[in-house]
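Participant: Compute the structure for the input listed below.
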Amino acid sequence: MLISKPENKVLFKSIGDTGFVAFRGTQTLEDIWYDIDVRPKRWPPDDFSSRMWVHGGFASLTKKLWKDVEPFVENHEKIIIGGHSL
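Facilitator: Prediction:
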């Protein structure tokens, strides 16, 4: 099954027990703002004990998209994530 969420810039595909999540690259002015937000942000965003930091734009956009990604990820034994500009 292929599920596209164009409004959220993410594509899902299942093959057996493997889930594929692909994020599209920069296409809009909003995307550019995420790209240039290079301030480090803690990851996961709500875990203040975490010592991991990621690109600020990546953190913000992932947090925004997580409501669509999480159910798909939780239903697969293996996940492969890719995309452009990641």
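
Participant: For the protein, which residues score under the pLDDT cut-off?
Facilitator: Within the chain, the ranges that satisfy pLDDT under 70 run 1-8, 84-86.

Participant: can you map out the strands along it?
Facilitator: 2-5, 10-15, 18-23, 41-43, 52-54, 78-83 (DSSP state E).

Participant: can I get the ones you listed in TSV with mean neighbour count and distance to Trp33?
Facilitator: C-betas here are computed from N, CA, C, even on glycine. As requested, the strands of the chain are arranged in TSV below (neighbours: other C-beta atoms under 10 Å; distance: least, C-beta to C-beta, whole Å):
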stretch	mean neighbour count	distance to Trp33
strand 2-5	11	20
strand 10-15	16	18
strand 18-23	17	16
strand 41-43	17	14
strand 52-54	12	16
strand 78-83	12	18
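
Participant: can you redo those as TSV with distance to Asp31?
Facilitator: Below are these laid out as TSV (distance: least, C-beta to C-beta, whole Å):
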stretch	distance to Asp31
strand 2-5	15
strand 10-15	13
strand 18-23	10
strand 41-43	17
strand 52-54	17
strand 78-83	12
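
Participant: what about those strands, which gets the closest to Pro71?
Facilitator: Closest approach to Pro71 among the strands of the chain (C-beta to C-beta): strand 10-15, 9.7 Å.

Participant: which strands and helices sit next to that closest one?
Facilitator: strand 2-5, strand 18-23, helix 56-74 (3 or more C-beta pairs under 8 Å, 6 or more residues apart in numbering; DSSP states H and E).

Participant: Of those, which is nearest Ile80?
Facilitator: Evaluated over these, closeness to Ile80 peaks at strand 18-23, with 5.1 Å, by C-beta to C-beta.

Participant: and Val38, which of the helices and strands packed on strand 10-15 is closest to it?
Facilitator: Ranking the helices and strands packed on strand 10-15 by proximity to Val38 (C-beta to C-beta) places helix 56-74 first, at 6.1 Å.
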